[in-house]
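> The following comprises the amino acid sequence and a computationally predicted model.
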Amino acid sequence: MVVQADEAVFRPVRAGNPFEETVERLLQAIKLGVVVPGDRLPPERELAARLNVSRVTLREAIHALTEAGYVESRRGRYGGTFVNEQLPKPRRTPAKRLARDLADGLDDALTLRFVLETGAAEAAANRELSEAERDHLERCLADTSAARLADYRRLDSRLHLAIAEVTGSPSLTSAMADVRMRLNELLDAIPLLERNIQHSNEQHQAIVTAILAGHPDAARQAMQEHLSGTAVLLHGFLA
């Protein structure tokens, strides 16, 4: 089964702030590549039920994202709410200011990511993957490798989520989606470097190759090396 990322982001929101949480879930789906530019969101009735919010709350959240430039509503037989082909550019917070605001949050986020993602790579390699799961991983890898600079962060996130998906654990996929949103805010504060992207793509290939070959130790090691490189870059730019 390879649709767990969809289930992970469109899960029931917590009580207390339904509008804010609905906006966050919809943004998470877009920014992590679960729904891509040009995709239609699930129908209103279905999406409201999955998020466990009223249709009025959902409409208000969609209106907010329309105003922000993330989605558009179309009428007619083939209408609905669609992700815009051109997404807003992330607002880049100055790295030094972000580091100051985070305090110990950077190390916390990186530690959580390390535990989740190395474990996910190992668990995925330990499973007997279906043909659909193998195809899903390979497609996400190819999409990331061929990504334009403007799309790289989103497609990179989608690949990492795909690794969590093929572990067969919806809870792990949900946790990975949440930590990726935290980390993407940090990553948006530093420049995308061509040499680093090339290296990341090589590491992605090693991770996916180990998973598909059923080598859990190699998958964990490859993911560990990949995450260590990102951590070094973040500490360097945010220190």
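Great, that's in hand.

> Quick check: residue 73 is in a strand.
Yes - using DSSP: H, G, I helix; E, B strand; the rest coil, the assignment for residue 73 is a strand.

> which stretches of the chain aren't confidently modelled?
Scanning the chain with the threshold set as pLDDT under 70 gives 1-3, 91-96, 98-104, 239.

> What residues does the residue nearest the centre of it make contact with?
For the chain, the residue whose C-alpha lies nearest the mean C-alpha position (C-alpha atoms, centre = their mean) is residue 32; its distance is 3.0 Å. For residue 32, the contact set (C-beta atoms under 8 Å, 6 or more residues apart in numbering) comprises 5, 9, 154, 157-158, 161, 177, 180-181, 184. All C-beta atoms are positioned from the backbone trio N, CA, C, and that covers glycine.

> which ones among the residues you listed are found in helices?
Counting by DSSP state H, the contacts of residue 32 place 5, 9, 154, 157-158, 161, 177, 180-181, 184 in helices.

> how about the nearest residue to the residue nearest to the centre of the chain, chain neighbours excluded?
Distance criterion C-beta to C-beta, 6 or more residues apart in numbering; nearest residue to residue 32, sequence neighbours excluded, is residue 157 at 4.5 Å.

> just checking, that neighbour touches residue 184?
Yes - counting by C-beta atoms under 8 Å, residue 157 touches residue 184, with 6.5 Å between them.

> any common contacting residues for the two?
Common neighbours of residue 157 and residue 184, counting by C-beta under 8 Å, 6+ apart, are 31-32.

> quick one: which of those two has more around it?
Neighbour count, other C-beta atoms under 10 Å: between residue 157 and residue 184, residue 157 has more, with 25 against 18.
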